[in-house]
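Novice: Show me how the following folds:
(one chain, ligands or ions: 1)
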Amino acid sequence: MPSSAYEAFITRVKEISTARAIEAVLEWDQETYMPPRGAEQRAAQLALIAGLAHQRLIDEAFGAALAAVEQEADPDPVVVTNVREMRRLFDRAVKLPTDLVQEIARTVALAKTAWVRARKENRFADFAPHLERVLELKRTVADKIGYTTEPYDALMDEFEPGARAADVQKAFDELKRQLVPLVRAIKDAPRQPNPELLTRPAPAAAQAAFGRRVAADMGFDFEAGRLDVSAHPFCSGTSPLDVRLTTRYDENYLPASLFGIMHEAGHGLYEQGLDPAHAGTPMGNSVSLGIHESQSRMWENLVGRSRPFWAHYFPKLQAEFPSFAGVSLEDWTFAINTVRPSYIRVEADEVTYNLHILLRFDLERQLLDGRLKVRDVPAAWNESFKALLGLTPRTDAEGCLQDIHWSMGILGYFPTYALGNLYAAQFFRAAQRALPDLDLHIARGELRPLREWLRENIHRHGQRYRAHELVQLVTGEPLTHAAFFEYLTKKYKPLYGF
Ligand code: ZN
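Specialist: Here you go, the predicted structure:
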């Protein structure tokens with residue numbers, strides 16, 4: 001029986017998350033259906049609701065409610081989880097003075113505008129002073145929040161609670177040691193795919209129908225979710241019963257929408273798999289961005305770009321899209337697994353992608369602790385890029401100016417993308433061990449057993465475990481590069497014939 005102090009605390013927690021959910025719906029609408037002239041009013045609506053949510057969190061009354069349940073020290077895991085995670089959010093919020101938060105908001109607004117122009121005109125020097133200022137403020141944030149080893153940990157904690165840069169570095173170092181030669185072997189391999197197959201005409205309406213069907217087969221519940229169109233695809237979950245996915249359709253490049261939908265539906269299944277009984281509390285929330293990304297990447301790559309998946313779906317694709325008639329299953333599977341070092345992270349394939357992240361992680365850490373000066377970023381970027389991917393960016397626009405993150409003050413976020421890939425491979429290997437017929441199921445278009453396994457082992461736990469605990473619990477080992485590398489080798493060696 002929950003205590004009255006706990007009930008009062010949970011009521012406040014749910015108010016905060018309800019405000020956040022309203023914010024998410026407004027943002028979803030802004031990206032999908034809002035007419036352009038609604039932008040100004042929407043900004044005011046979003047600012048108000050975000051402010052209200054923040055006020056409720058830092059409210060003294062909330063602090064008191066939190067302290068009261070901490071006093072009771074109830075050992076129930078649900079209580080322990082909700083109290084621990086709200087304490088973490090509360091401390092992060094109250095440790096940052098309002099004037100610092102406002103100063104960051106002003107700085108990044110200017111930095112973002114400067115970044116857009118600097119990228120367009122390819123002049124890093126114009127962005128450099130803004131980046132200096134952003135770093136200065138983020139160092140202050142890290143100091144205020146506190147850390148034991150290095151400032152980077154305090155920033156990464158926002159996205160991957162409990163993660164340590166030193167542990168991430170260890171996994172990334174091992175990964176780099178094996179990945180660089182693998183990329184070279186693929187590049188020099190005797191057999192190469194024909195990516196032209198991917199650009200055959202595919203009407204948007206048929207893409208939408210096909211994508212919806214695959215998402216439904218994955219177990220995405222369209223009675224508790226939607227799929228719409230936006231310029232930048234995303235998944236927004238306000239409760240397990242209302243999950244919004246978006247995609248975009250390129251009529252000359254079907255993989256963008258198909259793998260995009262599988263990716264976002266992977267995120268969506270996680271949101272729908274959370275326990276509705278705990279909605280609005282940490283027990284009903286996802287663990288971290290890295291764990292979230294493991295779900296999307298697993299469906300997109302380990303399932304969606306696999307041979308068993310296409311054994312079932314390729315004949316269906318051909319029936320819907322006449323332009324793919326006469327293409328063999330082998331050629332198709334090879335083409336969707338085209339690996340090629342390229343400059344732009346968001347366009348990278350699953351093999352080279354992590355190298356883009358390793359580079360950013362390394363530079364961010366150096367920038368934050370002062371080992372790297374902002375003016376030296378372009379040279380450091382290019383040198384590192386050459387070492388990792390064998391290419392030298394021709395311009396800063398396709399090098400160190402390509403991502404929006406730093407201009408928005410988002411540091412410590414990039415590693416979660418690569419962590420997602422590593423976790424995905426670890427989880428999938430565990431799923432294969434637990435479900436010996438998994439590949440057979442997938443080859444018959446039966447995708448539900450995997451969803452059930454993920455729901456049971458990952459989704460339903462909410463934030464009960466931190467990412468590193470969850471990985472240990474589900475796979476029996478800590479974060480490692482090994483499963484991911486094993487997956488890549490097993491897949492790409494036979495494809496490319498080396
Ligand atoms: Zn994602």
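Novice: Convert stretch 439-454 to PDB, retaining C-alpha atoms only.
Specialist: In PDB, the C-alpha atoms belonging to stretch 439-454 read as follows (Å, rounded to 0.1, in the frame of the first residue of the first chain):
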ATOM      1  CA  ASP A 439      15.900 -16.100 -38.000                       C
ATOM      2  CA  LEU A 440      13.200 -18.600 -39.200                       C
ATOM      3  CA  HIS A 441      10.500 -16.500 -37.700                       C
ATOM      4  CA  ILE A 442      11.800 -13.400 -39.400                       C
ATOM      5  CA  ALA A 443      12.100 -15.200 -42.700                       C
ATOM      6  CA  ARG A 444       8.400 -16.000 -42.400                       C
ATOM      7  CA  GLY A 445       7.600 -12.400 -41.700                       C
ATOM      8  CA  GLU A 446       6.800 -13.300 -38.100                       C
ATOM      9  CA  LEU A 447       8.300 -10.300 -36.300                       C
ATOM     10  CA  ARG A 448       6.200 -10.400 -33.100                       C
ATOM     11  CA  PRO A 449       8.400 -13.000 -31.200                       C
ATOM     12  CA  LEU A 450      11.300 -10.500 -31.200                       C
ATOM     13  CA  ARG A 451       9.000  -7.700 -30.100                       C
ATOM     14  CA  GLU A 452       7.700  -9.800 -27.200                       C
ATOM     15  CA  TRP A 453      11.200 -10.700 -26.200                       C
ATOM     16  CA  LEU A 454      12.200  -7.000 -26.200                       C
END
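Novice: any residues touching that stretch, and which ones?
Specialist: 217-219, 269-270, 273, 295, 298, 303, 306, 308-309, 311-313, 427, 431-432, 434-435, 437-438 (C-beta atoms under 8 Å, 6 or more residues apart in numbering). Where C-beta positions appear, they are placed from N, C-alpha and C, glycine not excepted.
Novice: Can you tell me which of the residues you listed are buried?
Specialist: Neighbour-count burial (16 or more other C-beta atoms under 10 Å) is assigned, among those, to 217-219, 269-270, 273, 295, 298, 303, 306, 308-309, 311-313, 427, 431, 438.
Novice: how close does A224 sit to L269?
Specialist: Distance, A224 to L269, by C-beta to C-beta, to the nearest Å: 11 Å.
Novice: make that L440, sorry
Specialist: In this view, L440 and L269 are 21 Å apart by C-beta to C-beta.
Novice: Check K493 too.
Specialist: The gap separating K493 from L269 is 30 Å, by C-beta to C-beta.
Novice: can you check I291 too?
Specialist: Going from I291 to L269 by C-beta to C-beta gives 13 Å.
Novice: can you check A311 too?
Specialist: Distance of A311 to L269, computed by C-beta to C-beta: 22 Å.
Novice: Also R455?
Specialist: According to C-beta to C-beta, R455 and L269 sit 8 Å apart.
Novice: ok, now L26?
Specialist: For L26, the distance to L269 (C-beta to C-beta) stands at 24 Å.
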